[in-house]
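Asks: Turn this into a model:
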Amino acid sequence: MHLGVALGLRRNALFQSEQWSITMLRAVTFGLLLIVVDVTLITLLGSIGGATVLTFVLLLPFFYLPWRSFVQRWVAGATPVENLLEATAHIALVDDPDERARQWEDILVKAFSPLDIAPSSTGTERSSIVDDGIGLQIPAIMGSPAMLVRYKARGTRLFQTRDRQLSDRLVDLAWSLKRQQDAYKQGVTNERSRISRDLHDDLAARLVSGLNIDDPAQLKGVLRASLAEVRSIVAAEEGGPAPLIDVLADSRAEAAERLEAAGIDLHWAVIDAPGVLEPVQRKALVSVLREVITNTIKHSAADRLSVQTQVDNGHLYVVAADNGPSFDGTIGQGNGLRNMAARIAAVEGYFDYAGTEGTGFRVSFNLPIAP
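Replies: Sure thing, here's the model as predicted:
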């Protein structure tokens with residue numbers, strides 16, 4: 001009596017009593033049935049012998065145990081999320097917003113069998129039961145509008161707490177899958193951008209150098225280095241940390257060779273550069289310096305390039321300036337400048353460029369280094 005009064009005071013919770021009673025009756029009935037069958041089998045195995053026991057042992061794994069497992073699953077019931085997982089996962093792969101909204105509505109229909117389902121202007125972050133269980137307010141997901149689902153099970157039942165929990169689990173699952181898909185797409189985009197920058201800054205730099213070489217032996221060396229660069233770009237080989245002084249020395253030697261072939265003098269003083277570069281920092285520094293050399297050869301019409309480097313307060317500062325007269329005072333930010341700025345920004349550095357008409361172009365940047 002007291003339980004009935006308590007359920008009546010909670011109004012819509014009273015409608016759960018039917019589910020509770022049916023679930024308990026089903027669980028007790030089939031639980032007793034399984035116990036009776038198990039005891040019967042054990043008794044039979046104890047009273048027989050010989051080949052009959054062997055037959056029973058062979059039949060149990062193929063017939064009785066699967067049937068027993070099926071009954072247990074039927075009594076416990078399969079979770080709604082398991083039943084709807086495939087459909088919910090599929091909508092995260094749909095790019096068309098209208099098709100995604102339609103499939104999401106189909107999932108809600110399968111989950112709750114409502115008499116009425118329609119978009120709602122009420123926006124909520126979590127699902128909520130409205131009108132004393134008549135309706136369920138479901139938040140918007142992935143561009144699909146918020147939904148109001150009414151009259152569960154064709155109007156024969158009210159929405160309960162477990163329905164709200166199911167809705168939240170489906171929404172969370174859909175958003176989780178969507179975030180994973182977005183992260184995958186972003187990773188693909190980032191990798192394509194990296195390959196594009198590397199091809200433009202590194203491979204193009206070596207090929208431009210080859211245009212100014214007449215000696216076949218030297219040209220073969222440039223081509224071999226270009227092929228090695230392609231393999232490095234595709235494999236994203238970065239290696240480990242490297243001393244800053246070694247990286248600067250290698251970049252200076254490469255720049256001197258390329259500029260000499262183009263008839264341009266290089267003024268780059270060697271300094272004592274303490275510190276270590278992580279792979280991503282080394283890649284940014286080498287690629288930016290290569291692009292500076294490429295731009296000087298291709299666009300400046302200069303006969304002199306000056307590079308100054310300095311280490312101060314945990315940062316490497318680089319200024320590269322040419323004396324090319326072809327600069328007309330206008331700066332168009334092409335792929336080269338954009339790539340250089342993006343590389344330096346990626347390592348939390350600063351990038352700038354400037355030029356004066358008829359007197360040359362200057363690029364300056366800095367990036368943090370490890371002690």
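Asks: what residues go with each domain of this structure?
Replies: 17-76, 80-180, 238-368 (automatic domain parsing).
Asks: closest to H200 out of those domains?
Replies: domain 238-368 (5.5 Å; CB to CB). For every residue, glycine as well, the C-beta is placed using N, CA and C.
Asks: how far does that closest one sit from the chain's center?
Replies: Relative to the chain's own centre, domain 238-368 is displaced by 32 Å; criterion: CA atoms, centre = their mean, to the nearest Å.
Asks: of all the domains of the chain, which lies closest to L211?
Replies: Closest to L211 of these, according to CB to CB: domain 238-368, at 8.5 Å.
Asks: can you tell me how far I271 sits from S300?
Replies: In this structure, I271 and S300 are 24 Å apart, going by CB to CB, to the nearest Å.
Asks: out of these two, which sits in the busier spot?
Replies: Using other CB atoms under 10 Å as the criterion, I271 and S300 rank with S300 on top: 20 against 13.
Asks: Not counting residues beside it along the chain, what's closest to the more buried one?
Replies: G324 (3.0 Å; CB to CB, 6 or more residues apart in numbering).
Asks: Next, the one you found: phi, psi?
Replies: Phi and psi for G324, reported as degrees, to the nearest 10, are phi -70, psi 130.
Asks: On the C-terminal side of the host helix or strand of R290, identify the next helix or strand.
Replies: Element membership of R290, judged by DSSP states H and E, is helix 279-295. Using DSSP H and E, the helix or strand that follows helix 279-295 towards the C-terminus is strand 304-312.
Asks: rewinding a little: make a markdown table from the domains of the chain and add mean pLDDT and distance to P216 to it.
Replies: Compiled in a markdown table, the domains of the chain are given as follows (pLDDT from 0 to 100; distance: least, CB to CB, whole Å):
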| stretch | mean pLDDT | distance to P216 |
| --- | --- | --- |
| domain 17-76 | 67 | 75 |
| domain 80-180 | 85 | 52 |
| domain 238-368 | 85 | 14 |
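Asks: Looking at those, spot the one closest to N190.
Replies: With CB to CB, the closest approach to N190 among the domains of the chain belongs to domain 238-368: 9.9 Å.
Asks: distance of the residue lying closest to Q137 once chain neighbours are set aside from S120?
Replies: Excluding the flanking residues, the one nearest Q137 by CB to CB, 6+ apart is S128, at 4.7 Å. From S128 across to S120, the span is 11 Å (CB to CB).
Asks: Which residues are in contact with each of those two?
Replies: Q137 (CB atoms under 8 Å, 6 or more residues apart in numbering).
Asks: Could you tell me whether H267 really is in a strand?
Replies: Yes: membership of H267 in a strand is supported by DSSP: H, G, I helix; E, B strand; the rest coil.
Asks: Run through the bridge partners of the closest residue to it other than its chain neighbours.
Replies: In space, and not counting its chain neighbours, H267 is closest to S306: 4.5 Å by CB to CB, 6+ apart. S306 has these beta-bridge partners by DSSP bridges: H267, A321.
Asks: burial count for S306?
Replies: Other residues close to S306 by other CB under 10 Å number 17.
Asks: Go ahead and confirm it touches A320.
Replies: Yes: with contacts counted by CB atoms under 8 Å, S306 reaches A320, the gap being 7.1 Å.
Asks: ok, which stretches of this structure are helices?
Replies: All helices of the chain, identified by DSSP state H, fall at 2-9, 17-47, 51-59, 65-76, 80-91, 97-112, 152-155, 161-198, 204-211, 216-235, 244-261, 279-295, 335-346.
Asks: from those helices, which stretch is densest packed?
Replies: The highest mean neighbour count among these, using mean count of other CB atoms under 10 Å, belongs to helix 279-295: a mean of 23.
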